[in-house]
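[1] What follows is a predicted structure for the sequence shown.
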Amino acid sequence: MAKFPRLPPSGIKVIVVGAGFAGISAAIECDRKGHSVILLEKADNMEEITRIGDIISFDPNGSRAFERWPGVIEAMQRVARQTAWLDLYYWKGKFVTRQSFAGERAWGHRINGHRGELHNIIYNHAKDRGIDIRLGQRVTDYFETDESAGVVVNEKTRIVADVVVAAEGVRSRGRKIVLGFEDNPKSSGYAVYRAWFPGDIIASNDMLKHLVVNGDTHQGWIGPDLHFLASSLKGGKEFNWVFTHVDDGNIEESWQFPGKVDEALKYIEGWAPIVTEIVKATPKTGRLIDHKLVYRDPLPTFISPKARIALIGDAAHPFLPTSIQGASQSIEDGVALAVCLELAGKTNVPLAVRAYEKIRYGRVHKAQAMGVKTREKWHKANWDSIWDDPESIHLTREPWLLNFDAEADAYKKYNNAIADLTALRARL
């Protein structure tokens, strides 16, 4: 087993529930800080997670953590899209503007790639670190006392630790113990068609081949209450497209379904011929999904009453895709929590968990609002003004959000967070 830099053992036992990006990253960060980690995942094998999916994005604030994990950022760059721009078009086809991201290189790496491939890279890194990863472990309940917290696995086995990190997404059972009641996800009123398939399909089409034959590309078409994004990766060998659209379905049972090309085409009737041709080129078997966007009311808290259970990632704060921040914010969560546990120590785990929430809460909700702003900017675009000022339709890219190191921030803010928490408790 390879040697990895980590702090001396803290004595803190951590259970992380869910081996998605949020969970694996939290497990790795806790391992780096010397905590003992058990990572539980309901899937029986990781292929169930890594073989499917489409594009996922990590901005510099999220990828900062990957840079600290030996070999990870380099492996990600090898499979990531190699573009530093986004070309934007009017939905009928006219070119509007090119947005360059080159200036952000000073802030860190932008990683855009297949979620399964990128997930596999960090999963293998966690395995190489020797983290205790247990598959086929469906968490059916959470519990806590003043001294410990734990989970019930497969309705029978109890596992106890000092702290539990709930990272299994919008339907996390950990939300019930945090909120005190069951809250069901709601439809946001929008859904996303997502497709990923070999680039040679695009290369064989005379109308589309320019999107892949000269390497990676990235482009988007903006129209009334819908935006369509497409890109190629790996030198044009792979291709993906997504579009967000109004949706009136419910998500009581499931919110991800096999998509149908004919149904997707109905939403973009009258759009630029290149857009409809991209959708028509999509293989009709297993390459398209229709994903309903889940909405959650902002939570009043991310932590349980006894502060032994913490929600991170989508379990705490689902993001709209237009924020381009959901994945990065989930990474930040795990980084901050691991630091707080390190600084508080085993005898003060609840204080660490409360400090984590104090440090993260305001930033996360401010970042969440970016998704709605971008969607409204695009879906409700005033084209009379945009033609006068094309750059007004650019994605909002702000230094406070992107030029950010969650680890350094947690170290910097921890003492003030503790002081604020102590003062608050003294007033109660």
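    Thanks, I have the structure now.
[2] Figure out the helix or strand that the residue lying closest to residue 153 once chain neighbours are set aside lives in.
    Excluding the flanking residues, the one nearest residue 153 by Cβ to Cβ, 6 or more residues apart in numbering is residue 137, at 4.9 Å. Quick note: C-beta positions are derived from backbone N, CA and C, even for glycine. Here residue 137, judged by DSSP states H and E, is contained in no helix and no strand.
[3] And for residue 137, the neighbour number?
    By the criterion of other Cβ atoms under 10 Å, residue 137 has 20 neighbours.
[4] and it, what is it in contact with?
    Contacts here follow Cβ atoms under 8 Å, 6 or more residues apart in numbering; on that basis residue 137 touches 40-42, 153-154.
[5] what do you get for residue 141?
    Contact partners of residue 141, counting by Cβ under 8 Å, 6+ apart, are 151-152, 155, 173.
[6] quick one: which of those residues has the most company?
    Neighbour max across the contacts of residue 141 (other Cβ under 10 Å) = residue 151, 25 neighbours.
[7] so how far is residue 349 from that residue?
    When Cβ to Cβ, to the nearest Å is applied, the distance between residue 151 and residue 349 equals 16 Å.
[8] ditto for residue 233
    Following Cβ to Cβ, the distance that separates residue 233 from residue 349 is 42 Å.
[9] got it, and residue 270?
    Per Cβ to Cβ, residue 270 is found 58 Å from residue 349.
[10] the more surrounded of the two?
    Legend: neighbour count by other Cβ under 10 Å for residue 270 and residue 349, higher for residue 349 (24 against 9).
[11] Just the pLDDT for the more buried one.
    Listed pLDDT for residue 349 reads 98.
[12] got the buried residues for the helix or strand harbouring it?
    For residue 349, the host element (DSSP H and E) is helix 349-379. Buried residues in helix 349-379, counting neighbours by 16 or more other Cβ atoms under 10 Å, are found at 349-361, 363-364, 367-368, 370-371, 374-375, 377-379.
[13] Okay, residue 80 and residue 281: tell me how far apart.
    The gap separating residue 80 from residue 281 is 23 Å, by Cβ to Cβ.
[14] Name the residue in those two with the higher neighbour count.
    Neighbour comparison, residue 80 and residue 281: the larger count goes to residue 80, with 23 against 18 (by other Cβ under 10 Å).
[15] hey, where'd the helices end up in the stretch 51-200 of the chain?
    Assigned by DSSP state H, counting those that start in this stretch, the stretch 51-200 of the chain shows helices spanning 60-66, 72-79, 115-128, 174-179, 200-203.
[16] what's the closest of those helices to residue 31?
    helix 115-128 (7.8 Å; Cβ to Cβ).
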